[in-house]
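just coords:
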């Protein structure tokens, strides 16, 4: 790797400085982490305050937990999974369309290899619950040293710590971002940093002391956001390591060659090479001018008869004047020097004096942002600091806790009322029953026969009071409040009154119902786009030209890179050129295909925008689009080509290819006309 860094403009990072920055970042996020853990537990059913729970159990009451949050989160995650979309590259100009198709095809294959769709769904589920989750791309060369396998990892919100005070969704304005991995073994560390084996083996322990980090603030947070591991005997484990990985911006004095004519700026490896290029360009112009001056001098001498002809004859009088060189500005190129932030990677374990790594990040300069890509359900940049700053990041659980608790309380009170009323008892004179013990034990049992003494007044059953309508209404209103606060409505559920609805109508109702939760899906699309741009820059590490051609397939290459042809002298018809290596006719123009693929794999396709589809109920909408296209074809026969109808259908690709092949054969037969009759 060429070292483009010339002069760093800041002091080298130390483990001590990194620990201080992490302490600051952890303190800033500690309350958010504690609240997010409560959100997860609340969603999973831990919805009663511990003191109230113990009090009710002491009274012999089994509290009711009617969890209305979990099913609604299942609904949202189901909608997300139903509407997954592939990455797609869109070109800026028509001339870039083939490269965009290549990038899209490689995207699709890379997504399939990496299980990105499932990891994104996991991140979405965590994000809508607590407000935050992260996706991280890494390349695995375990089984292939040449072509890495793309892998996505979901990182919890409690393991990512950006610099406090960031305002941008993707942390781009932060100077550093930490990733914390707890309880790693020495073998895990050696696997990540094999060249540091000796230093790692000398460590006895390397854990973070969270009580020391939080100080007085940790009294009420320590038990919520971090717990120490214990072994089977209940003793606390002392071996184990907490790995801190820091991605940070290091400001480097970087040199560029600027072009006044085109406005382009190209980064140089160092100042010497930049200056050498500019000097070489000026020297080239000077040499052209000198050569032109010499040619003019020769021409003038020839006109005066001083220069003889080559055969010694008469003097040259018809020599044409030399063509002057193209006018070029000698000051077209110049050197620019700027301070540029490079992304560096710094890793260490608490207790180490020297870092495990301090190097330029593996993805830089192709990717110039952080590798930890956040998903926020609700993210606000409101100027709130201090105690309430954790409210800036929220999922859908936090705001609905009050309504859910009120609903649980109402359901519990109704249950207590019914249980108390089921055995209201009997009203009788003293000593009126023949068998008082039987009455006490079976007085409320169905079909029981009870006897009272002859001459005594007939006992009367005590009828219970009617169920409290207030409790019932409170429970119902709380349940409706939960749905309203979660943004779930009849349209989102595609509930249709008065009969069945078409698939297109259901999709439209769901689209209308998504208005309340549209932000959740828009933010997911934003995260997906960042992931897509990151993946685009790393395609060159995942594929080479040969593996890329296998992914694209011969049909794609033949269609977009037709083979060069030569005119057959015998038949006068164009025929594809033969491959000099095999002697067989070329299936496609391999040279042009490889050039286009190489440009896509370069990771420098800044002219492409990577977008992820945002269609609601995509399968339903695809069917609706195909149906609408078929209706148009029926109304306007001959105007819509049949191959377009096949491409927009929901048939699998193999079936589409067979149908398209049959259509081409039928069209070729129709053009050839009926067979000639034998005479």
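Great, that's in hand. The structure presented is a predicted model; accordingly, all values stated were derived computationally and were not measured.

CA atoms for contacts and neighbours, from now on please.
Fine.

In the stretch 251-400 of the chain, where is pLDDT below threshold?
305-319 (pLDDT under 70).

All the helices of it, residue numbers only.
For the stretch 251-400 of the chain, the helices identified by DSSP state H, counting those that start in this stretch occupy 271-303, in order along the chain.

Kindly report the same for the stretch 1-150 of the chain.
15-43, 50-58, 69-82, 97-114, 116-130.

Out of those helices, flag the one nearest residue 663.
If you check each of the helices of the stretch 1-150 of the chain against residue 663 by C-alpha to C-alpha, helix 97-114 wins as the nearest, at 24.1 Å.

hmm, who's touching stretch 391-406?
32, 39, 42-43, 47-48, 67-69, 127-132, 376-382, 384, 474-475, 478-479, 481-482, 485-486 (C-alpha atoms under 8 Å, 6 or more residues apart in numbering).

Of those, grab the buried ones for PyMOL.
When burial is assessed using 16 or more other C-alpha atoms under 10 Å, the buried subset of those is captured in PyMOL by this command:
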select buried, resi 32+39+42+43+47+48+67+68+69+127+128+129+130+131+132+376+377+378+379+474+475+478+479+481+482+486
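
among the contacts of stretch 391-406, which are in strands?
132, 376, 378-379 (DSSP state E).

any chance of these in a markdown table, with distance to residue 328 too?
Formatted as a markdown table, the ones in strands among the contacts of stretch 391-406 follow (distance: C-alpha to C-alpha, whole Å):
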| residue | distance to residue 328 |
| --- | --- |
| 132 | 56 |
| 376 | 53 |
| 378 | 56 |
| 379 | 53 |
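
ok, so of those, who is nearest residue 529?
When those are compared for distance to residue 529 (C-alpha to C-alpha), residue 376 comes out closest, at 13.8 Å.

Pretty sure the closest one sits against residue 132.
Yes: with contacts defined as C-alpha atoms under 8 Å, residue 376 counts as touching residue 132 at a distance of 4.7 Å.

so where's the stretch 1-150 of the chain uncertain?
Judged against pLDDT under 70, the low-scoring parts of the stretch 1-150 of the chain cover residues 1-10, 92-96.

Show me what stretch 68-80 is in contact with.
Counting contacts by C-alpha under 8 Å, 6+ apart, the residues outside stretch 68-80 that touch it are 43-44, 121, 124-125, 128-129, 397, 404, 479, 482-483, 486, 488, 521, 617.

Flag every buried residue along it.
Buried residues in stretch 68-80, defined by neighbour count with 16+ other C-alpha under 10 Å: 68-69, 72-73, 76-77, 79-80.

what about residue 447, helix or strand, and which?
Taking DSSP states H and E as the definition, one finds residue 447 inside no helix or strand.

how near is it to residue 432?
Residue 447 sits at a distance of 20 Å from residue 432 (criterion: C-alpha to C-alpha, to the nearest Å).

How about residue 367?
Spatial separation of residue 367 from residue 432 under the definition C-alpha to C-alpha is 91 Å.

And residue 23, by the same measure?
Taking C-alpha to C-alpha as the measure, residue 23 and residue 432 are separated by 78 Å.

show me the contacts for residue 148.
Taking C-alpha under 8 Å, 6+ apart as the definition, contacts of residue 148 comprise 139-141, 541-543.

phi, psi of it?
Comment: the main-chain dihedrals of residue 148 come out as phi -80, psi 160, following degrees, to the nearest 10.

If I look at the residue of the chain positioned farthest from its centre, what pLDDT would I see?
Relative to the average C-alpha location in the chain, and by C-alpha atoms, centre = their mean, no residue lies farther out than residue 455, which sits at 84.7 Å. On the pLDDT scale, residue 455 is placed at 81.

out of the contacts of residue 148, which are buried?
Buried by 16+ other C-alpha under 10 Å: 139, 541-543, out of the contacts of residue 148.

Please identify which of those is nearest to residue 259.
Out of the buried ones among the contacts of residue 148, the one with the shortest distance to residue 259 is residue 541. That distance is 30.4 Å, counting by C-alpha to C-alpha.

element containing the closest one, please.
Secondary structure (DSSP H and E) places residue 541 in helix 539-542.

what packs against the helix or strand just after that helix?
For helix 539-542, the succeeding helix or strand toward the C-terminus, using DSSP H and E, is helix 545-552. For helix 545-552, the elements it packs on are helix 97-114, helix 590-601, judged by 3 or more C-alpha pairs under 8 Å, 6 or more residues apart in numbering; DSSP states H and E.

again, 6 Å this time
Using 3 or more C-alpha pairs under 6 Å, 6 or more residues apart in numbering; DSSP states H and E as the contact criterion, helix 545-552 has no neighbours among helices and strands.

tilt between it and helix 590-601?
Direction vectors for helix 545-552 and helix 590-601, defined by axes from the mean of the first three to the mean of the last three C-alpha atoms, to 10 degrees, enclose an angle of 90 degrees.

Distance from helix 545-552 to the middle of the chain?
Between the mean C-alpha location of helix 545-552 and the chain-wide mean there is a distance of 25 Å, by C-alpha atoms, centre = their mean, to the nearest Å.

List of residues touching the helix or strand following it?
Going down the chain from helix 545-552, the next helix or strand is helix 554-560, by DSSP H and E. The contact list for helix 554-560 (C-alpha atoms under 6 Å, 6 or more residues apart in numbering) reads residue 588.

quick one: strands adjacent to whichever helix or strand comes after helix 554-560?
Proceeding C-terminally, helix 554-560 gives way to strand 565-567 as the next helix or strand, assigned by DSSP H and E. Applying DSSP bridges, strand 565-567 is found paired with strand 574-576 (antiparallel).

Would you mark the buried spots in the partner strand?
residue 576.

again, but for stretch 107-116
Buried positions in stretch 107-116, judged by neighbour count with 16+ other C-alpha under 10 Å: 107, 110-111, 114, 116.

Dump those to JSON lines, plus distance to residue 460.
Putting those into JSON lines (distance: C-alpha to C-alpha, whole Å) gives the following:
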{"residue": "107", "distance to residue 460": "80"}
{"residue": "110", "distance to residue 460": "78"}
{"residue": "111", "distance to residue 460": "75"}
{"residue": "114", "distance to residue 460": "74"}
{"residue": "116", "distance to residue 460": "70"}
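
so which of these comes closest to residue 285?
The closest of the buried residues of stretch 107-116, once distances to residue 285 are taken by C-alpha to C-alpha, is residue 107, at 45.0 Å.

for the closest one, what are its contacts?
With contacts defined as C-alpha under 6 Å, 6+ apart, residue 107 has no neighbours.

And it, how close does it get to residue 146?
To residue 146, residue 107 is 18 Å away according to C-alpha to C-alpha.

repeat for residue 403
Where residue 146 is concerned, residue 403 sits at a distance of 56 Å (C-alpha to C-alpha).

Ok, residue 536 next?
Residue 536 is 18 Å from residue 146, by C-alpha to C-alpha.

Quick check on these two: which one has the bigger neighbour count.
A side-by-side neighbour count of residue 536 and residue 146, using other C-alpha atoms under 10 Å, places residue 536 first with 28 against 11.

Kindly report the domain assignment for the protein.
Taking automatic domain parsing as the reference, the chain has its domains at 7-61+130-254+339-393, 261-331, 642-674.

quick one, which of the ones you listed is packed in tightest?
Neighbour counts averaged per stretch over the domains of the chain are highest for domain 7-61+130-254+339-393, at a mean of 17; criterion: mean count of other C-alpha atoms under 10 Å.
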